[in-house]
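Novice: Requesting a structural model of the entry that follows:
(one chain, ligands or ions: 2)
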Amino acid sequence: MTGTYRIALAGNPNTGKSTLFNLLTGLKQHTGNWAGKTVDMKAGYFSHKHKEYEIIDLPGTYSLYSNSIDEEVARNYIVFEKPDITIVVLDATSLERNLNLALQVLEMTDRVIIAINLMDEADKRGIVIHEQILMKRLGVPVIKISSRNRTGIEMLLDTIDRFVSGAITTEPLKVVYDAVTEEKIVSLAEKAERIFQGELPARWIALRLLDGDERLMAEIAKRFAGRVEDGVRTGQGAVAERSF
Ligand SMILES: Nc1nc2c(ncn2[C@@H]2O[C@H](COP(=O)(O)OP(=O)(O)OP(=O)(O)O)[C@@H](O)[C@H]2O)c(=O)[nH]1
Ligand SMILES: [Mg+2]
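Specialist: Numbers count the residues shown, from 1 in each chain. Ligands and ions are numbered 1, 2, ... in the order given. Below you'll find the model as predicted:
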């Protein structure tokens, strides 16, 4: 599979991820049981401008914490499998609510394209979306599409192409917290960076530690067994460094 780029589709439930997935992959897809998970993620394939892509249709979720198996599956794929691009599919008719998840993904990776789907429905309702302003504020490409009417898809594909070719650089919006919290984040992120050396997003790890996300910490301990010997301690929000 060398030379195959990996794309993940993330987003709230019912934003049209599977519709976009089917549109891009046609019949080249299969469902698979992914290691240790009870839900299926769907993988499909397509090519565009002589490049090959594997695309993963992640379960729809309202957040990417550890509230459900679906959230864990989606979060684990983005953070541990590190796709070349995560496309966050948003519903144009409820953008404000949908942006919550987009911001969470931007904390996890800078390899993000935002696709605002259901533009046909938004147009019908007279909803105007200024994607250029959103693009500037969010620091990643924002493309308006309608998976149902197949509009904006060429633009999305070209953006994907330029993204993996290195022609697009992103600078995701970083949510800045109050001074006391930021101090903790920075200090924890430094430790996480020393431990994971770029393999995991350090600031995001720090945020999850401060939130006491024990299921994530258990997942990290499992995946990085040996390196993070007794895992990562929550509670005091400290990253254990004993094994280094
Ligand atoms: N009007 C309109 N409807 C759309 C569009 N894309 C998808 N839909 C509809 O939205 C509904 C949900 O689409 P899905 O593709 O199943 O959404 P999903 O994001 O995969 O949903 P989950 O798997 O539950 O997360 C379906 O009825 C689609 O036909 C679009 O661009 N415009
Ligand atoms: Mg779906």
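Novice: hmm, the lengthiest strand in the chain touching ligand 2?
Specialist: If you go by DSSP state E, the chain has its longest strand at strand 40-48. No - using CB under 5 Å from the ion, strand 40-48 stays clear of ligand 2, coming no nearer than 7.9 Å. For every residue, glycine as well, the C-beta is placed using N, CA and C.
Novice: Now find how far off-centre the helix or strand just after that strand is within its chain.
Specialist: With elements assigned by DSSP states H and E, the helix or strand that comes after strand 40-48 is strand 51-57. Chain-centre distance of strand 51-57: 15 Å, with CA atoms, centre = their mean, to the nearest Å.
Novice: Show me which residues of the protein sit near ligand 2.
Specialist: Residues of the chain lying near ligand 2 (CB under 5 Å from the ion): 17, 18.
Novice: The same query, at a cut-off of 8 Å, please.
Specialist: Residues of the chain found near ligand 2, taking CB under 8 Å from the ion as the criterion, are 13, 17, 18, 19, 21, 42, 57, 59, 60.
Novice: The third one sits in which helix or strand?
Specialist: Element membership of residue 18, judged by DSSP H and E, is helix 17-25.
Novice: tell me the mean pLDDT over that helix?
Specialist: Average pLDDT, helix 17-25: 93.
Novice: For this structure, which helix or strand comes out least confident on mean pLDDT?
Specialist: Least confident helix or strand, the chain: strand 29-33 with a mean of 53, by mean pLDDT, DSSP states H and E.
Novice: what's the closest non-adjacent residue to residue 43?
Specialist: Leaving out its chain neighbours, the residue that sits closest to residue 43 by CB to CB, 6 or more residues apart in numbering is residue 56, at 5.5 Å.
Novice: now swap in residue 76 and tell me
Specialist: residue 219 (6.6 Å).
Novice: quick one: which helix or strand includes that neighbour?
Specialist: helix 214-223.
Novice: Please list only the buried members of the residues of the chain next to ligand 2.
Specialist: Among those, those scoring as buried are 17, 19, 21, 42, 57, 59, 60 (criterion: 16 or more other CB atoms under 10 Å).
Novice: re earlier: do I have it right that the residue nearest to residue 76 meets residue 72?
Specialist: Yes - counting by CB atoms under 8 Å, residue 72 is a contact partner of residue 219 at 7.4 Å.
Novice: so where's the longest helix in this protein?
Specialist: In the chain, ranked by residue count with DSSP state H as the criterion, the top helix is helix 179-196.
Novice: and that helix, which residues are buried?
Specialist: 185, 188, 189, 191, 192, 193, 195, 196.
Novice: Let me know the closest of those to ligand 2.
Specialist: Of all the buried residues of helix 179-196, residue 196 has the smallest distance to ligand 2: 31.0 Å, by CB to the ion.
Novice: ok, for residue 152, nearest residue in space, not its chain neighbours?
Specialist: residue 145 (3.4 Å).
Novice: Quick one: residues contacting that neighbour.
Specialist: 20, 115, 116, 117, 119, 151, 152, 153, 155, 156 (CB atoms under 8 Å, 6 or more residues apart in numbering).
Novice: how about the residues you listed in CSV, adding secondary structure?
Specialist: Output for these, formatted as CSV (DSSP: H, G, I helix; E, B strand; the rest coil):
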residue, secondary structure
20, helix
115, strand
116, strand
117, strand
119, helix
151, strand
152, coil
153, helix
155, helix
156, helix
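Novice: Point out the least confident member of those residues, please.
Specialist: Ranking the contacts of residue 145 by pLDDT, residue 20 lands last with 94.
Novice: Number of residues surrounding the nearest residue to that residue once chain neighbours are set aside?
Specialist: Of all residues not flanking residue 20 in the chain, residue 147 sits nearest, at 4.4 Å (CB to CB, 6+ apart). Here the number of neighbours of residue 147 (other CB atoms under 10 Å) works out to 25.
Novice: so residue 147 touches residue 15, yeah?
Specialist: No - using CB under 8 Å, residue 147 is not in contact with residue 15; the gap is 9.4 Å.
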